[in-house]
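Student: need the 3D shape of this:
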Amino acid sequence: MHKSIDCGDLRLEHTGQTVTLAGWVHRRRDHGALIFLDLRDRSGIVQVTCDAQNAAAAHEILNAVRNEYVIQVTGLVQPRPAGLANPNLPTGDIEVQATGAAILNEARTTPFYINEDSDVDEALRLKYRYLDLRRPAVQRNIILRHNVVKTIRDYMADQGFMEIETPVLIKTTPEGARDYVVPSRVHPGEFYALPQSPQQLKQLLMVAGYERYFQIARCFRDEDLRADRQPEFTQLDVEMSFIEREDIMGVIEPLYVRLIEQWGSKPILRKPFPVLTYAEAMAKYGSDKPDLRFGMEFVDLSGLLADSGFGVFSAAVAAGGQVKAVVAPGAAGYSRKQLDDLAEVARRGGAKGLVSIAYRDEGPRASAKALTEGEVAAIAAAAHAGAGDLVLIVADASAAVVAKSLSELRLLLGRQLGLIRADAHALCWVVEFPLLEWSADEQRWSAMHHPFTSAMDEDWDLLESDPGRVRAKAYDLVMDGWEVGGGSIRIHRRERQAAMFRALGIGPEEAEEKFGHLLEAFEYGAPPHGGIATGIDRTVAILAGTPSIRDVIAFPKTASATDLMFRSPSSISPAQLRELHLAVTE
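Tutor: Below is the predicted model:
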C-alpha cells in the first residue's frame, strides 16, 4: 500500500504516530521555509506541514507540487498549535509534520476549481466528469448514494427478501415508453431490448415460488429527458407473493423512514404516511403526486356558481366541468403584472383565463366585473378567505384542465409565498388509480401503469361496459411532490390477463406472440402477487437536496441523452454494421 491510513481518519489519538498518506493536493500555501498542504483522499482532508529546516529533502519535493498533484507523504501526527485548530474539519485538531515526500503523478491545471463549490457550467462538468467527481459536494452525493443502497440491501435481507439478478437482454414488449434495442449478430434481422423494468421477470419469479424478491435493477427507457429522468436509471425492484396492498406498504414505508432518518437531514412531517385515493389527490391538489409540505387545497365552487350571471362559470358547470379556486394567503397586494404572470401560468395549463379576487381592507376587488357582491362574499366564505388573501379561480368544461392549471398555480404560489416547508419531508401514498386512460391520438384505451396491473375486485365487471370507471389495485409513493415509487397488485390468472389485453386492443395472436411466456406460466399455479419499484436516483436526489438526479449519478447523460465525456452516442464502422446485418439510411 502507498499509505498506512486514510487522510480523513486521523484524530488526536494518533498523536505521536508516524503515518504514510497518499492523495491529491487540495490546496497549497507557501510560507517560504514552511509549506502548508491540504491533502485529500476519498475519506477527507488533512493538513500537512513541512519545515525546510527539519526536512529539507521533503520540502524541496513539496515546493514543486501544485493543486491536484498526486503525492505521498510520510510524517508525524501532532496536535495543531494552540488556537489554530479547524473546527470545520474532522481532522482539524491535528496536522502531519512531513519527514518524507514523493510525487506520484503531476497534474495539468484543471478546467475548473476542484477545491471550491463554485458554480460550474454543467456541460463542462460532464465533459470532465472524472474531475467533477473529485469535488467534495459531488463526492458527498455519491457516498450518500452508496450508503442508501447499502441500507436498502441490509433492510431487505432482514425482511426475508432474496436479491436475484434478471437479464438485461430481453424481448421487446409494449409497456409504455420506447425500448432501446440491441441487434443480434447471431440472429440476423432480430433484436433484443433493454428492459424498461424487470416487470415480467419478477412476476415469473413469483410463479417460480421465490415469494420475496428484490433487486437494485438497472432499467432503460428511450424517452425525452428532464431533471428527474435519464435514459438509464436505477430502481429498487420488489415483488411479493400472497399479499395485499397494505403488505407492500408495510415493507416500503418503514424502509423510507429509515433512509430519511439515517441519511437525511430533515424530519418527516407525518408518520404513518397519509393515504389518498387518486380521486382525492386530483380533487384537492390537481396532481397524482401532491406536494404535502404545504396546504392550499382546492376549493370546489361548482355548486355555488352553477347559476352565476358570469357566463364563464355557469357555462363550465353546465358542460359538466368545474369551477375551482385556490387561496393565496397574504397575496391580495399582488400587482397587475404579477396577476398577469399567474394568468399566463393558468393558460399554459390549458385554461382560457384566470379570475382573481383580492380581499383587501378597503374591500374586495374582482377581475371579473360580472360577479355580484353576493357572489364575491359567498366565494370568500366557501374558500375561508380573509382580509389580505387572494383567491384565484379557474373554470373549464374539462376537469383535467382545471386540475393542471390550478396545480401549477398552487406550486408556483407555494414557492413565491414561502409556504413550502423546506425543513421537512412530506410523504404520502396515492392509491386506486384508474386502470386505463384514453389515448386520443391512438383512439384506444391504454394502461395507466402497465398491462399486468389488476383491477379492483369489484370493478372487473366494468372492464368491457365502462372501462374508464375501472380502478386499479395500483399505488404510488410520493415524496415532496416527486413520485419516488409505483407498484400494483398483479393479475395472476390467465383469463383475466386476456381480458385486460382485450381492453387494450391486443388480440389473442398478438398477446401470444408478445406475452405467451407469461400467459403460459399463469397456467402452472401462479400465486396472488404484487410489488413496487422505487427510484434510487430520485430518492437520493431528494435526500441530497438537489433538484436534478444527474447530481447523484456517477456518469449521467445530458438532457439530450448524450455523454459529453465519451462523446456518445456515436457512429459505428461499416464493418460493424455489416457484421450486425444493419444499414444506416439518411
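
Student: can you list the residue ranges for helices in the stretch 301-450 of the chain?
Tutor: Listed in chain order, the helices found in the stretch 301-450 of the chain under DSSP state H, counting those that start in this stretch are 311-318, 336-348, 373-383, 399-416.

Student: tell me the buried residues in the second one?
Tutor: Yep, that's helix 336-348 we're talking about. For helix 336-348, the neighbour count (16 or more other CB atoms under 10 Å) marks 339, 342-343, 345-346 as buried. Using the backbone N, CA and C atoms, a C-beta is placed for each residue, glycine as well.

Student: give me the angle between that helix and helix 399-416.
Tutor: Counting by axes from the mean of the first three to the mean of the last three CA atoms, to 10 degrees, helix 336-348 lies at 140 degrees to helix 399-416.

Student: report the rounded mean pLDDT for helix 336-348.
Tutor: The average of the pLDDT scores along helix 336-348 is 97.

Student: that one - contacts with which helices or strands?
Tutor: strand 390-396, helix 399-416 (3 or more CB pairs under 8 Å, 6 or more residues apart in numbering; DSSP states H and E).

Student: so what touches stretch 300-318?
Tutor: 283, 321-325, 352-353, 355, 368, 370-372, 375, 378-379, 382-383, 393, 395-397 (CB atoms under 8 Å, 6 or more residues apart in numbering).

Student: so what touches whichever strand or helix holds Leu577?
Tutor: Using DSSP states H and E, the element containing Leu577 is helix 574-579. With contact meaning CB under 8 Å, 6+ apart, helix 574-579 is reached by 185, 583-584.

Student: by neighbour count, which of the residues you listed wins?
Tutor: When the contacts of helix 574-579 are compared by neighbour count (other CB atoms under 10 Å), Arg185 ends up highest, at 11 neighbours.

Student: among the helices and strands packed on helix 336-348, which is the most enclosed?
Tutor: Among the helices and strands packed on helix 336-348, strand 390-396 has the highest mean neighbour count (mean count of other CB atoms under 10 Å), at a mean of 27.

Student: ok, and what's touching that strand?
Tutor: Here strand 390-396 has contacts from 301, 305, 312-313, 315-317, 321-328, 331-332, 334, 342, 346, 350-352, 354-359, 379-380, 383, 385, 401-402, 405-406, 409, using CB under 8 Å, 6+ apart.

Student: run the chain-centre distance for it.
Tutor: What separates the centre of strand 390-396 from the centre of its chain is 31 Å, taken as CA atoms, centre = their mean, to the nearest Å.

Student: what does stretch 185-203 give?
Tutor: 25 Å.

Student: quick one: buried residues of it?
Tutor: Applying 16+ other CB under 10 Å to stretch 185-203 flags 192-203 as buried.

Student: what's the mean pLDDT across stretch 473-480?
Tutor: pLDDT averaged over stretch 473-480 gives 98.

Student: residues contacting the residue lying closest to Ala377 once chain neighbours are set aside?
Tutor: Nearest residue to Ala377, sequence neighbours excluded (CB to CB, 6 or more residues apart in numbering): Pro364, at 7.8 Å. Contact analysis of Pro364 by CB under 8 Å, 6+ apart lists 357-358, 376-377, 380.

Student: same deal with Phe522?
Tutor: Neighbours of Phe522 in contact, by CB under 8 Å, 6+ apart: 207, 492-494, 497.

Student: ChimeraX command to pick out the buried ones of the residues you listed?
Tutor: Those of those that count as buried under 16+ other CB under 10 Å are selected in ChimeraX with:
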select :207,492,497
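
Student: how about the contacts of Phe522 in a markdown table, adding pLDDT and distance to Gly535?
Tutor: What follows is those, written out as a markdown table (pLDDT from 0 to 100; distance: CB to CB, whole Å):
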| residue | pLDDT | distance to Gly535 |
| --- | --- | --- |
| Val207 | 97 | 26 |
| His492 | 96 | 26 |
| Arg493 | 95 | 30 |
| Arg494 | 94 | 31 |
| Gln497 | 94 | 27 |
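
Student: where does Ile243 land in three-state SS?
Tutor: Three-state assignment for Ile243 (DSSP: H, G, I helix; E, B strand; the rest coil): coil.

Student: how about the top strand by length along the chain: buried residues?
Tutor: Across the chain, the longest stretch assigned as strand under DSSP state E is strand 18-31. Neighbour-count burial for strand 18-31 flags 19-28 (criterion: 16+ other CB under 10 Å).
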